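Undergrad: What follows is a predicted protein model with its sequence.
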Amino acid sequence: MVSKDNVGRKIFELRKRKGITQEKLASLVNVTPQAISKWENSMTLPDTCRLLWCSI
C-alpha cells in the first residue's frame, strides 16, 4: 500500500530538486496549485494517471 506521507514527501523533494514552484508543477500536470499543496501535505493522493506522463 502506498503511504500518503511518502508520496507527499517525494513530490515535494522532486519539485524542489528541479527548482519549480507548485504553480509550475500544477500547470505541467493540469491541476490547481492547491492540489499540489494537498499532495505535498499528505492530505490527498494524486491521480496516478496524471503523474505517469509527466517527467519532472
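TA: Yep, it's here.
Undergrad: The closest residue to G8 other than its chain neighbours: neighbouring residues, count only.
TA: Nearest residue to G8 in three dimensions, chain neighbours excluded: S42, at 4.0 Å (Cβ to Cβ, 6 or more residues apart in numbering). C-beta coordinates here come from the backbone N, C-alpha and C atoms, glycine included. Neighbours of S42 under the rule other Cβ atoms under 10 Å: 16.
Undergrad: In the protein, where is pLDDT below threshold?
TA: Within the chain, the ranges that satisfy pLDDT under 70 run 50-56.
Undergrad: Select the longest helix from it.
TA: Secondary structure of the chain per DSSP state H: the longest helix is helix 4-18.
Undergrad: buried set for that one?
TA: 7-8, 11-12, 15 (16 or more other Cβ atoms under 10 Å).
Undergrad: farthest pair in those residues?
TA: Farthest-apart pair in these is V7 and R15; separation 12.4 Å (Cβ to Cβ).
Undergrad: Could you check how far the residue lying closest to K4 once chain neighbours are set aside is from V2?
TA: The shortest distance from K4 to any non-neighbouring residue, by Cβ to Cβ, 6+ apart, is to S42 (4.2 Å). Distance, S42 to V2, using Cβ to Cβ, to the nearest Å: 11 Å.
Undergrad: Remind me which helix or strand T44 belongs to.
TA: Under the criterion DSSP states H and E, no helix or strand holds T44.
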